[in-house]
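Engineer: structure, please.
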Amino acid sequence: MWLFGYYIENLPFPAAININNVYTVFLIMVMCRTFSDKGWFRSMFVPKMETRKDAHSNLLSKSETSDLYKMQFHNVKPECLQIYNNLEAEVQRKLHLDQDYPCEVVGSWNTWYGDQDQAVHLWRYTGGYPALTECLTKLNNNQDYLEFRKERSKMLISRRNQLLLEFSFWNEPTPRPGPNIYEMRSYRLKPGTMIEWGNHWARAIKYRQENNEAVGGFFSQIGDLYQVHHLWAYKDLQSREETRNSAWLKEGWDSSVFYTVPLIRSMESRIMIPTKGSPLQ
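Structural biologist: Residues are numbered from 1 along each chain as shown. Model prediction:
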C-alpha cells in the first residue's frame, strides 16, 4: 500500500489534483473489492426481505374449512362426448350416494367456447389431503371404478388435473338451479404475486356480486402453479355482457383492474354448459 502512495506522490500530476484524494479513492476501491468478494459489502445494498409468518395458502384460503378441490380437464374424442357424459354422470351419482367416500362433485361442464369437446369437473374433498388420500385408496380397490376408468380411457385424447384451494373472500360454490351458462376465467400469475392478487380481489369481488354471478374462486396448489380460476354464472351471453359492463359503472372497479392486470402473465376464458347431472345448473 505504501508503495502505491510513494508512486502517486512522485507522479507529475497537475497542481489542481489533490494527491490525498487520489489515495483515498484507491483505498475505497480496494475495500470495495475485498468486501464484495466476501459478500459483506454487497449485502449492505440488498433489500431486507419482509419476514412471513405463514404460507400463502394459509393466508388466502378459508381457515374455517379444510376443503380441498380438484379440477379435471378431459379432452374427449368428438364422437364419444355424449357417451362419456352419460358414463361420467352415472359414476358421479354412485359416489354421491355412497357416504363412505369423502368427496363430491361441485360441477361438471362441457366447454362451449374454448377447447372443443372438453369436459371440466370440479370436485370437493371435505377434510383436505387426508380425505383425498382416503378416497383414492378406496377407488383403487373398487373394481367397478377401475372398469369405468378403463372404459373412459378409450374415449379420451388427453387429460390433466389440478389441486386447488378456495379464496377466503369468494362465495362458497353451492348447487344452483338453471338454466345458466358458466364462464371460467383462468389467470396465470407472475410468481410471487398471489398475495397481492388476493388483496386486490378481496376488495374487487364486492363489485361483482349484485347479480349473483360469482360462483367460486380458486388458486392452484399442485399442477400448474400460480394459477387462479374465477367461476361465474350467467343466464346467457347477453346477460354476461350486460353484467360485465355494469361493473365498469361502479366506482372502484376500474382501479381494481388497473392494479391486477400487471400481475398476469396469461389468461383464458371458457364458456361452459353444465352437464345433465351437474349440481351447478
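
Engineer: low-confidence regions, this structure specifically.
Structural biologist: Applying pLDDT under 70 to the chain flags the ranges 1-59, 61-65.

Engineer: okay, helices next: where are they in it?
Structural biologist: 2-9, 19-38, 40-43, 56-60, 81-97, 129-139, 143-153, 194-204, 237-247, 253-260 (DSSP state H).

Engineer: name the residues that touch the fifth one?
Structural biologist: This means helix 81-97. With contact meaning C-beta atoms under 8 Å, 6 or more residues apart in numbering, helix 81-97 is reached by 74, 76, 101, 103-105, 108, 110, 117, 119, 121, 144-145, 148, 151-152, 155-156, 275-277. Glycine gets a C-beta too; all of them are placed from N, C-alpha and C.

Engineer: type out the ChimeraX command that picks the buried ones from those.
Structural biologist: Remark: buried members of those, expressed as a ChimeraX selection using 16 or more other C-beta atoms under 10 Å:
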select :74,76,101,103,105,108,110,117,119,121,145,148,152,155,275,277
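
Engineer: so which of the contacts of helix 81-97 are in strands?
Structural biologist: 74, 76, 103, 104, 105, 108, 110, 119, 121, 156 (DSSP state E).

Engineer: list the contacts of the third one.
Structural biologist: Applying C-beta under 8 Å, 6+ apart, one finds that residue 103 lies in contact with 95, 123, 124, 125, 126, 131, 132, 135.

Engineer: now with 6 Å, please.
Structural biologist: 123, 125, 135 (C-beta atoms under 6 Å, 6 or more residues apart in numbering).

Engineer: do the same with the fourth one
Structural biologist: With contacts taken as C-beta under 6 Å, 6+ apart, residue 104 has the following neighbours: residue 124.

Engineer: got it, and the fifth one?
Structural biologist: With C-beta under 6 Å, 6+ apart as the criterion, the residues that contact residue 105 are 92, 123.

Engineer: now the second one
Structural biologist: For residue 76, the contact set (C-beta under 6 Å, 6+ apart) comprises 84, 117, 119, 155.

Engineer: could the ones in strands among the contacts of helix 81-97 go into JSON lines alongside distance to residue 164?
Structural biologist: Compiled in JSON lines, the ones in strands among the contacts of helix 81-97 are given as follows (distance: C-beta to C-beta, whole Å):
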{"residue": "74", "distance to residue 164": "17"}
{"residue": "76", "distance to residue 164": "22"}
{"residue": "103", "distance to residue 164": "14"}
{"residue": "104", "distance to residue 164": "15"}
{"residue": "105", "distance to residue 164": "14"}
{"residue": "108", "distance to residue 164": "16"}
{"residue": "110", "distance to residue 164": "20"}
{"residue": "119", "distance to residue 164": "17"}
{"residue": "121", "distance to residue 164": "12"}
{"residue": "156", "distance to residue 164": "21"}
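
Engineer: closest one of the residues you listed to residue 254?
Structural biologist: residue 110 (33.9 Å; C-beta to C-beta).

Engineer: surely residue 193 is in contact with residue 263?
Structural biologist: Yes. Using C-beta atoms under 6 Å, residue 193 makes contact with residue 263 at a distance of 4.3 Å.

Engineer: as TSV, the contacts of residue 103 with neighbour count and distance to residue 184 would be great.
Structural biologist: Listed next are those as TSV, based on neighbours: other C-beta atoms under 10 Å; distance: C-beta to C-beta, whole Å:
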residue	neighbour count	distance to residue 184
123	22	15
125	23	20
135	19	24
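
Engineer: how close does residue 157 get to residue 196?
Structural biologist: Distance, residue 157 to residue 196, using C-beta to C-beta, to the nearest Å: 37 Å.

Engineer: tell me which of those two has more neighbours.
Structural biologist: More crowded of residue 157 and residue 196, by other C-beta atoms under 10 Å: residue 196, with 15 against 12.

Engineer: how many residues are close by the closest residue to the more buried one other than its chain neighbours?
Structural biologist: Nearest non-adjacent residue to residue 196, counting by C-beta to C-beta, 6 or more residues apart in numbering: residue 263, 6.2 Å away. Number of residues near residue 263 (other C-beta under 10 Å) recorded here: 17.

Engineer: who's in contact with residue 263?
Structural biologist: Neighbours of residue 263 in contact, by C-beta under 6 Å, 6+ apart: 189, 190, 193, 197.

Engineer: who are the neighbours in contact with the second one?
Structural biologist: The neighbourhood of residue 190, defined by C-beta under 6 Å, 6+ apart, consists of 263, 265.
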